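Peer 1: Sharing a model that was predicted from the sequence below.
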Amino acid sequence: EVECCRQSHKTGASIILPQHVAFRQQITMSGWDEGALFYSDPISAQADEESLLVSARKNFLEFLLNFRDGRTFKYRDQLRRHYHLKQYMVNVRLDDLAAFNDSLAEAMRQKPGDYLPMFEIAAKDATRRVLTLDDEAPEEGPDHIQDIQVTLESSEHAQSLRDLGSTSMAKLVKIPGIIISASAPRAKATMLTIQCRNCNSLRKWKVNPGFGGAQLPRTCDQVASAATDEQRCPVDPYQIVPDKCDCIDQQTLKLQEAPEAVPTGEMPQHILLAADRYLTDKVIPGTRCTIIGIYTVSSGRKERGKAATGVGRPYIRVVGIAVNKEGPGRSLDTFTPEEETEILELSRRPTVYQDLVQNIAPSIFGSADIKKAVSCLLFSGSTKILPDNMRLRGDINVLLLGDPGTAKSQILKFVEQVAPIGVYTSGKGSSAAGLTASVVRDPSSREFYLEGGAMVLADGGVVCIDEFDKMRETDRVAIHEAMEQQTISIAKAGITTTLNSRSSVLAAANSVFGRWDDAKDADENIEFQSTILSRFDLIFIVKDEHDVARDEHLAKHVLQVHLNAAVQPAEGELDMKFLKKYIQYCRSRCGPRLSPEALKKLKHHFVQIRSVSHRQFVETGKRPAIPITVRQLEALVRLSESLAKMRLSPFVSETDVDEALRLFKVSTMSAANQGMLSGSEGVGDQEGMDMLLKVEASIKKYFAVGSRVSESSIFQRLSARNYPEAAIRKVLHIMLRRGELEHIAQRRMLMRIR
């Protein structure tokens, strides 16, 4: 038996000893099997996997060389063209790969980490063949072909960031979203050259892609020449040789789900992206894009007192970026032929303007002119880029200023819902960095990178800012550039860049005293500087006026809304989804221009408005609180273009100009002339204001703070000084509203508070 074993060891043959035969017969007799030997060989299973990858590499090579798009070899030509341009990459559509070999495309979706390196090796082989066949081999020779990066694109349906789970791990995913931060590209090693400190031997060591690193070997693989322990290499002998490492560019991005896709009341989710080589520097904060990548997880960090577990931070290794270029910063939904037909039918209606205004916040009573201005803001004017690259904005900015309880915030909420891209924020909870952009330090790399704010995220849409007057003055100044030039310039922490902020601003604010004070001029009621006011195209003064007939209609409307809250919309009301589609279609497909007649009328009326403003300044000696500048002329142009865009008209008509002028006069011009007392006891505006100020000074002189007096004694004392009774009553009303006076003793007495 021992001799048989020796012979088998020498020859490499396998033998079966007699007792083994007896044991097999015993098993056979007991009914286990018929003497066959069963075994599992993990080495052969691994060999099968390797053979599949080799076969896939051949199929990838055949696909790149032989796939035709019509009469042209699509990827063969692309490889040749990109290589001569020194762009060592090829962009492959997964749909083409599925048409060529469906099982290969499915394997790429299920195991992209294994098959993508094979694809890149096949792309390098295909490039070598293409250049060799064309006698265009590089100067270094056909063996010195650069590595080719394979990027992917697909027309498959994108999944939400919230749907990513354990089932998507290590698979190919397609995620839409908005980039909120981007780091500077850094060098990432793909192949390390390590050297032993003891024997100076060199060896190559592969680095995991993405955020993965490399674990250096613990022992040297060189065998010592002598058998002495002193000459053996110690443990952990290797050090990295930086100059001999192979590196690529890598950039860290942060992708956040689009604002319109976030469920109400939930925080938007975000995920880190690792982009390398030709996918770096393709996007900036605020860019809307669709990412194709490998959903994977980075190794968990060791915490103090705890060992690293299998739980890590998920991220996506990017293999394709599709930037949404249709429209400024927003994705253009595809319109079906039925939807286009319905949209064109609505645009051809003679009453399309009235129908659209009727569907702007239908649950809010009245405010017809404000709804018309909001509809103009939603459709916006035409953006123009001059030959010298100067950009004229087409977005319209609107300010609602006035009393509380006039549904200003409700209008803002409606616009956020119906705008193609809408971001709602409050002035008190918004800072300059939160609205524009902030510079953040990466906790891992300690480097600075940019994070876009609300106005960057709303690029191509509408920013709704509530409580605009509660913002700090320094924060309000930060959005000056964003409102006019529609860019945000950053020069902080060594980062100097410009971000796009092509968005409209719809702001709501209260006046200085909470409610509008008719006894004061407009500039006393409005605490904003003229620099910010001139950037608003339309400024509406919203007053809560008391009128019995109007209050009856208002109460009836509000109660009907509460009564029929769950009832289907009334006849003539458009579905909100269709209204959103219509706005998006008009914004993307139509860019009206001024006709010669409209241009002539605009020029004439602007000169007339400026002359009226100058005449008032000469007569009163006071400049208007809201200046009338060239920006207001551009505002009239934008309003006229938006009115034409509602009808999908290529040119602005004189009717559009008339409506734009009417809106401008009832809003901005009316607000500039607010606060004057007209028609009171036959006195002029300035005289009436002087009379009210004198009455107020007399009341404060005769009645000290804390004194109590009856209302009749106030009338008697001031009437003796020949002050009109109407002016006295007006001043008492104003002081009560300000909180300077207070009724006591069942409204029989007045007490001065301050």
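Peer 2: Looks like it arrived, so ask away.

Peer 1: Same question for stretch 602-613: list its buried residues.
Peer 2: L602, H605, F606, I609, S613 (16 or more other Cβ atoms under 10 Å). Any C-beta I mention is one placed from the backbone N, CA and C, and that applies to glycine too.

Peer 1: That should have said stretch 409-421, apologies.
Peer 2: Buried, per 16+ other Cβ under 10 Å, within stretch 409-421: S409, I411, L412, K413, F414, V415, E416, V418, A419, P420, I421.

Peer 1: Compute the number of surrounding residues for the nearest residue to the last one once chain neighbours are set aside.
Peer 2: Taking Cβ to Cβ, 6 or more residues apart in numbering, and ignoring the residues beside it in sequence, I421 has G461 as its nearest neighbour in space, at 2.6 Å. Taking other Cβ atoms under 10 Å as the criterion, the count of residues near G461 is 27.

Peer 1: On the strand side of things, show who R186 bridges to.
Peer 2: Q250 (DSSP bridges).

Peer 1: From T252, how far off is it?
Peer 2: Remark: distance between R186 and T252 (Cβ to Cβ, to the nearest Å) = 8 Å.

Peer 1: go on, K282?
Peer 2: 13 Å.

Peer 1: Pick out the residue closest to the middle of this protein.
Peer 2: Centroid-nearest residue in the chain, with Cα atoms, centre = their mean: L457, separated by 2.9 Å.

Peer 1: hang on, the earlier thing: so R186 and T252 - more neighbours on which side?
Peer 2: T252 (22 against 13).

Peer 1: per-residue confidence at the residue lying closest to that one once chain neighbours are set aside?
Peer 2: Among residues not flanking T252 along the chain, S183 sits closest, at 4.3 Å (Cβ to Cβ, 6+ apart). Looking at S183, its pLDDT stands at 82.

Peer 1: Now that S183 has come up, it's in contact with E447, right?
Peer 2: Yes. Using Cβ atoms under 8 Å, S183 is in contact with E447, at 6.2 Å.

Peer 1: Looking at those two, which one has more neighbours?
Peer 2: Taking neighbours as other Cβ under 10 Å, S183 and E447 compare with S183 leading, 19 against 15.

Peer 1: Could you pull out the helices in the stretch 201-350 of the chain for me?
Peer 2: Taking DSSP state H, counting those that start in this stretch as the test, the helices found in the stretch 201-350 of the chain are 337-347.

Peer 1: for it, which spans come out with low pLDDT?
Peer 2: 223-231, 299-311, 325-334 (pLDDT under 70).

Peer 1: what do you get if the cut-off is 90, keeping everything else the same?
Peer 2: 201-253, 256-270, 277-289, 296-314, 322-350 (pLDDT under 90).

Peer 1: For A437, name its beta-bridge partners.
Peer 2: Going by DSSP bridges, A437 forms beta bridges with G452.

Peer 1: got it, and S489?
Peer 2: Residues in beta-bridge contact with S489 (DSSP bridges): T498.

Peer 1: just G514 next, same as before
Peer 2: With DSSP bridges as the rule, G514 is bridged to S511.

Peer 1: Tell me if I'm right that it and P404 touch.
Peer 2: Yes. Counting by Cβ under 8 Å, P404 is a contact partner of G514 at 6.8 Å.

Peer 1: from the middle of its chain, how far away would the helix or strand that contains L633 be?
Peer 2: Element membership for L633 (DSSP states H and E) is helix 630-646. The chain centroid and the centroid of helix 630-646 are separated by 26 Å, computed with Cα atoms, centre = their mean, to the nearest Å.

Peer 1: Stretch 372-380 too?
Peer 2: Chain-centre distance of stretch 372-380: 21 Å, with Cα atoms, centre = their mean.

Peer 1: cool, stretch 414-434 as well?
Peer 2: 11 Å.

Peer 1: Also stretch 252-272?
Peer 2: Worked out by Cα atoms, centre = their mean, stretch 252-272 lies 9 Å from the chain centre.

Peer 1: cool, and stretch 585-599?
Peer 2: 27 Å.
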